[in-house]
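S.K.: Sharing a model prediction with you, sequence too.
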Protein chains: 2
Amino acid sequence: MTPDALIPFTRGAPSLDIIDTQGLAEATQKAFSTDPAGTFGYGTAGGYLPLREWIAEQHGVDVDQVLVTNGSMQADAFLFQTLVRPGDDVVVEAPTYDRTLLSLRQRGATVHAVDLETDGVDVAALRSLVDGGVRPALAHIIPNFQNPAGYTLSAAKRTQLLALAAEHGFVVFEDDPYVSIRFEGEPLPTMLSQDTADTVVYASSFSKTVAPGLRCGYLVGPKKVLAEVIKLATNTYISPNMVSQSIVNEYCRSGLLDRSISVVRTALRERRDALVAALRRELPEARFTPPQGGYFMWVELPEGVLVDRLAPVAREHGVAFVNGTDFLLDGGHNAVRLAFAGLSPEQIDTGITRLAAAVRALAG
Amino acid sequence: MTPDALIPFTRGAPSLDIIDTQGLAEATQKAFSTDPAGTFGYGTAGGYLPLREWIAEQHGVDVDQVLVTNGSMQADAFLFQTLVRPGDDVVVEAPTYDRTLLSLRQRGATVHAVDLETDGVDVAALRSLVDGGVRPALAHIIPNFQNPAGYTLSAAKRTQLLALAAEHGFVVFEDDPYVSIRFEGEPLPTMLSQDTADTVVYASSFSKTVAPGLRCGYLVGPKKVLAEVIKLATNTYISPNMVSQSIVNEYCRSGLLDRSISVVRTALRERRDALVAALRRELPEARFTPPQGGYFMWVELPEGVLVDRLAPVAREHGVAFVNGTDFLLDGGHNAVRLAFAGLSPEQIDTGITRLAAAVRALAG
């Protein structure tokens, strides 16, 4: 790291040192020699069958309830195209992933943002919204180590949310790419696994556990919804990337996935710890809840610190973040999202020192 | 081949024996070791930069005029989303690729099908259409070894079409996945290479020259159009498959691509020859123009042979084709598309013998 290089807390991407390039090369050789026809042929829109089967087993569902896509954002796009018509009500968390917000607004949906608490979306507020007559086509929920906040939906709220969805007939879109990157505490059951009313569509990805460049994500859900989404996938691209999916299949089945998750967890826990320690030391006035996993932490600065003014000053000091306002329909003016997945503990420490200096400079 | 196995002249896919799995394994090892960061990271929506640069060089354009996508159908979908609004007039060839027809109709476009002659689209008819007041957003043209007909657009008509497009301000969408699979005759210049008025958007693919399972296609066109399409790609999936594109990049730059094209050409020429010979022997009443390249041949059966009746009889005889009607808004009732790319000369010979028997059985 050169002393002046920008330290970017901006992007939800892993650093290369925690990607198992050697294991991927091995899995690739095996995939190419074991099933060249399936790997290099067109395949079908649902995805590479052995990987679909592996995912179906993990979630205890039938294979036709699984669609493997070119990254989970492509899965989101298909799902929104299938379920959301212009003018439809949809529910998102506030704050939420900025690209989801953009996608839903571009589809012409009426977006209702429900406050996210440290134990997940405010289910009581969502109930009030529904009681008030809003009929959401879906509620988009990131249950674990949420992007951008890092918060996790509690077990109790998962149950409440499922009941509410079943009662009012809306889809819970459980968007769960970070689930395996848990640093501590017990994993909570997915809403998908507790769904008895065909209300949950679940998405996840291998971007955070294997590598983003494979662009391999997936959807799991009720057969009826999945059949529609798969039809849309056929009409859009015939089939997704078989080469990648065949590599991922070998990677998962050979046990390399578990090893990779363990490496990623250990590294990101250290990065989270470095971030928390540096913030407590350098910016004791900042408020945050350390995430139990994932990539991101949401940090609220004192009221007077406006992040749209702070951002350019921070860049002059050699540090970047994403403004809280990007993740909200309104508010977030004194909040930032810090992505720690792509930076070393040393970079994080230096970055937060610079951020603190920028906050002082702005105040000064 | 078991004696009773169905011989499918249906699918535009190569057989595994003409896919260079060994070369792909080598290119993959090199890609993984040379650029792990670019291969396994997210990348950007425009595609893997070294491959974009290679494609840009091939076409003599700037790199920001190139978008590499998850297969060329995904590129088509982005382009149609960008240029075609519901109700817009669009022009296609008659017959044309069934999925293009479906895509355009699903977007709510008003589709005008202009007759395809053995030297390409009837430009005079297209001119009449435009003179009559139709204002197409785009004209979709497959210039080489067209799908489904196998015909190639002549040099003269390419010039005329470009002039017409420039005069009337419509986009020529030059959809050219088969260009490299020429068996004989001189290659004709692309319309893209002759475009001086920013009227051409060009698409091609590595599915036919390397392998379909890589899902690697691309668009080349005016900067303004490409900038819009790239924005749409970002919002849809962040970035396309970097692993595949990095493999394809190594494959192209190492000279393996030229070797693969040579293998594919030789094999498919033999298959085309087997098809033509078998048809002349078994079904002398069938009318067709042997294609100078590509995957497909369009065969017209005598007037009285209705393909929707022939199809089930043919299946009983162990052979399948795609009905001509699938590629047309109307007509094609006595035509079939025969895809010869995925079958051995022996399979083709047997398949046509069976087809002839089915025709006799239907007549009998």
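M.R.: Received, thanks.

S.K.: Going by C-alpha atoms from here, please, whenever you check contacts or count neighbours.
M.R.: Fine.

S.K.: what about chain A, any weak spots by pLDDT?
M.R.: For chain A, the stretches flagged by pLDDT under 70 are A:1-3.

S.K.: domains in it, as residue ranges please.
M.R.: A:7-19+A:258-363, A:21-256 (automatic domain parsing).

S.K.: Which one of the residues in the stretch 101-250 of chain A is closest to chain B?
M.R.: A:G213 (4.0 Å; C-alpha to the nearest C-alpha).

S.K.: Who are the contact partners of that residue?
M.R.: With contact set as C-alpha atoms under 8 Å, 6 or more residues apart in numbering or on different chains, A:G213 has these partners: A:S207, B:G38, B:T39, B:F40, B:G41, B:Y42, B:G43, B:N241, B:M242, B:V243.

S.K.: ok, A:A5 - how many residues close by?
M.R.: Residues within reach of A:A5, counting by other C-alpha atoms under 10 Å in any protein chain shown, total 10.

S.K.: The one 5 residues further on now?
M.R.: Neighbourhood size, A:T10 [other C-alpha under 10 Å]: 19.

S.K.: State the distance from it to chain B.
M.R.: Distance, A:T10 to chain B, by C-alpha to the nearest C-alpha, to the nearest Å: 14 Å.

S.K.: Check A:V63 too.
M.R.: 21 Å.

S.K.: Any idea how many residues pack against that residue?
M.R.: A count of nearby residues for A:V63, using other C-alpha under 10 Å, gives 19.

S.K.: so it sits right up against A:A56, yeah?
M.R.: Yes: the pair A:V63 / A:A56 is scored as a contact, 5.3 Å apart, by C-alpha atoms under 8 Å.

S.K.: Test my guess that A:V264 contacts A:S180.
M.R.: No: at 9.5 Å, A:V264 does not count as touching A:S180 under the criterion of C-alpha under 8 Å.

S.K.: what about those two, which has more around it?
M.R.: Applying other C-alpha under 10 Å to A:V264 and A:S180 shows that A:V264 carries more neighbours, namely 26 against 20.

S.K.: Report the contact partners of the more buried one.
M.R.: Neighbouring residues of A:V264 by C-alpha under 8 Å, 6+ apart: A:I18, A:I181, A:T209.

S.K.: And it, which helix or strand is it part of?
M.R.: helix A:256-282 (DSSP states H and E).

S.K.: Kindly calculate the angle that the following helix or strand past that helix makes with helix A:256-282.
M.R.: Using DSSP H and E, the next helix or strand after helix A:256-282 towards the C-terminus is strand A:296-300. Strand A:296-300 runs at 20 degrees relative to helix A:256-282, counting by axes from the mean of the first three to the mean of the last three C-alpha atoms, to 10 degrees.

S.K.: Let me know the next secondary structure element after strand A:296-300.
M.R.: Next in line after strand A:296-300, if elements are assigned by DSSP H and E, sits helix A:307-316.

S.K.: and that next one with strand A:296-300, angle?
M.R.: Angle of helix A:307-316 versus strand A:296-300, following the same axes, to 10 degrees, is 120 degrees.

S.K.: burial measure for the spatially closest residue to A:V68 that is not a sequence neighbour, as a count.
M.R.: Excluding the flanking residues, the one nearest A:V68 by C-alpha to C-alpha, 6 or more residues apart in numbering or on different chains is A:Y218, at 4.2 Å. A:Y218 is flanked by 25 other residues according to other C-alpha under 10 Å.

S.K.: State the three-state secondary structure for A:Y218.
M.R.: When classified by DSSP: H, G, I helix; E, B strand; the rest coil, A:Y218 comes out as strand.

S.K.: pretty sure it contacts A:Q65?
M.R.: No: proximity of A:Y218 to A:Q65 does not meet the contact threshold set by C-alpha under 8 Å, at 10.4 Å.

S.K.: picking that back up, spit out the residues that contact A:V264 and A:S180 alike.
M.R.: With C-alpha under 8 Å, 6+ apart as the test, A:V264 and A:S180 both reach A:T209.

S.K.: which bits of chain A sit near chain B?
M.R.: Contact residues (C-alpha under 8 Å from any C-alpha of the partner chain) of chain A with chain B: A:13-14, A:16, A:19, A:21, A:25, A:29, A:32, A:36-43, A:70-74, A:77, A:99, A:102-103, A:211-215, A:235-244.

S.K.: hmm, which of those residues are the buried ones?
M.R.: Among the residues of chain A next to chain B, the ones that count as buried by 16 or more other C-alpha atoms under 10 Å in any protein chain shown are A:13-14, A:19, A:21, A:25, A:29, A:32, A:36-43, A:70-74, A:77, A:99, A:103, A:211-215, A:235-244.

S.K.: The residues you listed in helices, which ones?
M.R.: Members of those lying in helices (criterion: DSSP state H): A:21, A:25, A:29, A:32, A:36-40, A:72-74, A:77, A:99, A:103, A:235-237, A:242-244.

S.K.: Mind checking what helix or strand follows the longest strand belonging to chain A in sequence?
M.R.: Across chain A, the longest stretch assigned as strand under DSSP state E is strand A:110-117. Using DSSP H and E, the helix or strand that follows strand A:110-117 in sequence is strand A:120-121.

S.K.: For that following strand, name the packing helices and strands.
M.R.: Strand A:120-121 is packed against no helix or strand, with contacts defined by 3 or more C-alpha pairs under 8 Å, 6 or more residues apart in numbering or on different chains; DSSP states H and E.

S.K.: just to revisit the earlier point, next, the buried residues of the helix holding A:V264.
M.R.: Applying a neighbour-count criterion of 16+ other C-alpha under 10 Å, the buried positions in helix A:256-282 are A:256-258, A:260-265, A:267-279, A:282.

S.K.: Quick check: end-to-end length of stretch A:198-210?
M.R.: 30 Å (C-alpha to C-alpha, to the nearest Å).

S.K.: Repeat that for stretch A:204-212.
M.R.: End-to-end for stretch A:204-212, by C-alpha to C-alpha: 12 Å.

S.K.: sorry, back to before: which two of the contacts of A:G213 have the greatest separation?
M.R.: Within the contacts of A:G213, A:S207 and B:G38 form the most distant pair, 14.1 Å apart (C-alpha to C-alpha).

S.K.: Which residue is it, in the stretch 1-150 of chain A, that comes closest to chain B?
M.R.: Going by C-alpha to the nearest C-alpha, chain B is nearest to A:F40 of the stretch 1-150 of chain A, at 4.0 Å.

S.K.: how much space is there between the residue of the stretch 251-364 of chain A at minimum distance from chain B and B:E186?
M.R.: In the stretch 251-364 of chain A, the residue that lies nearest chain B is A:G342 (10.7 Å; C-alpha to the nearest C-alpha). As for A:G342, its distance to B:E186 is 52 Å (criterion: C-alpha to C-alpha).

S.K.: Same question for A:T44.
M.R.: For A:T44 relative to B:E186 (C-alpha to C-alpha), the value is 35 Å.

S.K.: With neighbour numbers in mind, choose between A:G342 and B:E186.
M.R.: With neighbours defined as other C-alpha under 10 Å, A:G342 and B:E186 compare such that A:G342 has more, 24 against 8.

S.K.: residues in contact with the more buried one?
M.R.: A:G342 sits in contact with A:F9, A:R11, A:G12, A:A13, A:P14, A:S15, where contact means C-alpha under 8 Å, 6+ apart.

S.K.: Reformat those residues as JSON lines; add distance to A:Q194.
M.R.: Shown next, in JSON lines, are the contacts of A:G342 (distance: C-alpha to C-alpha, whole Å):
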{"residue": "A:F9", "distance to A:Q194": "35"}
{"residue": "A:R11", "distance to A:Q194": "32"}
{"residue": "A:G12", "distance to A:Q194": "29"}
{"residue": "A:A13", "distance to A:Q194": "30"}
{"residue": "A:P14", "distance to A:Q194": "31"}
{"residue": "A:S15", "distance to A:Q194": "34"}
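
S.K.: Alright, I will stop here.
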